[in-house]
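**Q** Just need the structure, nothing else, for what follows:
(one chain, ligands or ions: 1)
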Amino acid sequence: GGCGATQSSLMRARMRLSLQERLWEFYQTRVNIPAEEQAMARRAALDICAELRVFLHAKLPDMPLREMYLSGSLYDDLQVVTADHAQLMVPLILEKNLWSSIPGEDTIMNVPGFWLVRRENLEYFPRSSSYWDRCMVGGYLSPKSVLEVFEKLVAGSINWPAIGSVLDYVIRPVVPSETLTLEVQYETDRKLYVDFLPLLVMEDGTSLIAKPHRLSAERNENLWRQSFRVAETARLRALDQEDGGCRCTCLKVTKAVCKLSPALHRLNSSQLTNTILLLSEKEGDWTQEALADRFLQLLRALVGHLEAGRLPCALGPKVNLFCELTEQEVDELGYTLYCALSDPEGLLRT
Ligand code: GDP
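**A** Alright, predicted model coming up:
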């Protein structure tokens, strides 16, 4: 009767309370990275960035680049568990009249969120009018070829052992890697991975990065990936600032869960961030006290999106953020998360 209902809701309240407590404890002990560790990692990344700037200016003074800069979760206070990676953004300068961008949905590949960058006006400005013509493949700027240019330089002609010994780090290019990555050992037990990320900023502000499509790479070889990272991270932070919310904490806890459990490795920060942004459109209570409820709701929302095989990007709904997962991966992620719903604390015991 009524008494039983009250008791079971009381029990449920207690379970919630303890999940809430466990989430905060997990956040303090596993997720959050000590400020000192973050500072050391940033320091190492900055040292490497400075060396590369000097090297590129000296060795290739005419390569049209804007100043390289570091970015990623390490710089947004969104990195979790260990301070172990950063991106080195390398912005290429393209001549406006020589290159144009075509959205992926208007190409035969039909993939929103990816773009082709086409060489224009070849009749008036023949090949090699643009520095980046050397990376043109079939009339398009090839991200793969751009990466190869940097790979040759970074893996081939920089004396990393010498630079490393000056800086007191052990530095080596990681081969093979999907993108171009440097491994920097800056303490006996601390490693930092720095990814080179060539970047195009188009006239309308669209950011395109040279990070290949994960599936059928051959067919999609010329595609540049649109990056929403800056905008989506800013939106998440702004929402938290408006209401003192726990969205960033919820994101970091979930990122850590995915980083620590192999079955969830395939879920990335962008997918998690966008799921939280979409949830924020429906759900108003993001107070610190609601962390456990929102965490569970986030898991349920992910299960729902996985069931649908589709996670629209909050900043560009045509983009499906699951488009680089295979059907099997989608099923496995969905199954793992579905099971976790009945034992969410199990996720924190990894
Ligand atoms: P984390 O690596 O999970 O901590 O997440 P980040 O928020 O640092 O995202 C880094 C990932 O996003 C890398 O895989 C990048 O290749 C990718 N990415 C896409 N766009 C950007 C961008 O504009 N800046 C950076 N730093 N990374 C980007």
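**Q** ok, and what's touching the helix or strand hosting Ala238?
**A** Under the criterion of DSSP states H and E, Ala238 resides in helix 229-243. Helix 229-243 has contacts (Cβ atoms under 8 Å, 6 or more residues apart in numbering) with 76, 78, 207, 245-248, 251, 270, 273-274, 276-277, 280, 286-287, 313-315. The C-beta positions use only the backbone N, C-alpha and C, and glycine is treated the same way.
**Q** From these, pick out the ones that also neighbour the ligand.
**A** Applying Cβ under 6 Å from any ligand atom to these, one finds that Leu78, Ser207 fall near the ligand.
**Q** Which of the contacts of helix 229-243 fall in strands?
**A** If you go by DSSP state E, those have Ser207, Cys313 in strands.
**Q** For whichever strand or helix holds Ala162, which outside residues touch it?
**A** According to DSSP H and E, Ala162 maps onto helix 160-167. With Cβ under 8 Å, 6+ apart as the test, helix 160-167 has contacts from Ala44, Asp47, Ile48, Glu51, Val170, Ile171, Arg172, Pro173, Leu182.
**Q** quick one: stretch 38-51 near the ligand?
**A** No. Under the criterion of Cβ under 6 Å from any ligand atom, stretch 38-51 makes no contact with the ligand; the nearest approach is 11.2 Å.
**Q** Looking at the contacts of helix 160-167, spot the one nearest Ser216.
**A** Pro173 (26.4 Å; Cβ to Cβ).
**Q** Tell me how many other residues crowd the closest residue to the closest one other than its chain neighbours.
**A** Nearest residue to Pro173, sequence neighbours excluded (Cβ to Cβ, 6 or more residues apart in numbering): Ala155, at 4.1 Å. By the measure other Cβ atoms under 10 Å, the count of residues near Ala155 is 17.
**Q** what residues are up against Ala155?
**A** Taking Cβ under 8 Å, 6+ apart, one finds Pro173, Val175, Leu180 in contact with Ala155.
**Q** quick one on the thing from earlier: only the buried subset of the contacts of helix 229-243, as a ChimeraX command please.
**A** Selecting only the buried entries of the contacts of helix 229-243 in ChimeraX, with 16 or more other Cβ atoms under 10 Å as the criterion:
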select :76,78,207,245,246,247,248,251,270,273,274,276,277,280,286,313,314
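**Q** where in this structure is pLDDT low?
**A** Applying pLDDT under 70 to the chain flags residues 1-5, 14-17.
**Q** ok and the residue in the stretch 151-300 of the chain nearest the ligand?
**A** Closest contact between the stretch 151-300 of the chain and the ligand, by Cβ to the nearest ligand atom, is at Ser227 (3.3 Å).
**Q** which residues does that residue contact?
**A** Leu199, Ser207, Leu208, Ile209.
**Q** State whether the first one is indeed within a strand.
**A** Yes. Remark: Leu199 belongs to a strand, assigned using DSSP: H, G, I helix; E, B strand; the rest coil.
**Q** Tell me, how many residues neighbour it?
**A** Neighbourhood size, Leu199 [other Cβ under 10 Å]: 22.
**Q** Start the count at 194 instead of 1 going forward.
**A** Okay, using 194 as the starting number, the last item reads as Leu392.
**Q** what pairs with it across the strands?
**A** Pro284, Ile402 (DSSP bridges).
**Q** residue contacts, it?
**A** For Leu392, the contact set (Cβ under 8 Å, 6+ apart) comprises Met282, Val283, Pro284, Leu285, Ser400, Leu401, Ile402, Ala403, Ser420.
**Q** report the angle between the axes of the host helix or strand of the first one and helix 422-436?
**A** Counting by DSSP H and E, the element that carries Met282 is strand 278-284. For the pair strand 278-284 and helix 422-436, the angle between their directions (axes from the mean of the first three to the mean of the last three Cα atoms, to 10 degrees) equals 120 degrees.
**Q** which element follows strand 278-284 toward the C-terminus?
**A** strand 292-296.
**Q** Who are the packing partners of the strand holding Met282?
**A** Helices and strands touching strand 278-284, by 3 or more Cβ pairs under 8 Å, 6 or more residues apart in numbering; DSSP states H and E, are helix 228-252, strand 262-264, helix 266-269, strand 383-394.
**Q** can you tell if it touches the ligand?
**A** Yes. Using Cβ under 6 Å from any ligand atom, strand 278-284 reaches the ligand at His278, Gln280.
**Q** now that strand and strand 383-394, what's the angle there?
**A** Using the same axes, to 10 degrees: strand 278-284 against strand 383-394 is 30 degrees.
**Q** Pull the distance from strand 278-284 to the chain's centre.
**A** Averaging C-alpha positions (Cα atoms, centre = their mean, to the nearest Å) puts strand 278-284 11 Å from its chain's average.
**Q** Please spell out which residues along that strand are buried.
**A** Buried-residue list, strand 278-284, by 16+ other Cβ under 10 Å: His278, Ala279, Gln280, Leu281, Met282, Val283, Pro284.
**Q** Output those in TSV; the columns should cover distance to Gly297.
**A** Compiled in TSV, the buried residues of strand 278-284 are given as follows (distance: Cβ to Cβ, whole Å):
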residue	distance to Gly297
His278	27
Ala279	28
Gln280	22
Leu281	25
Met282	22
Val283	22
Pro284	21
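**Q** Alongside the ligand, which residues does the stretch 344-493 of the chain contribute?
**A** Leu390, Ser400, Ile402, Lys404, Ser420, Arg422, Val423, Lys448, Asn461, Ser462.
**Q** Which two among those are spaced furthest apart?
**A** So, those by Cβ to Cβ: farthest apart are Ser400 and Lys448, at 21.7 Å.
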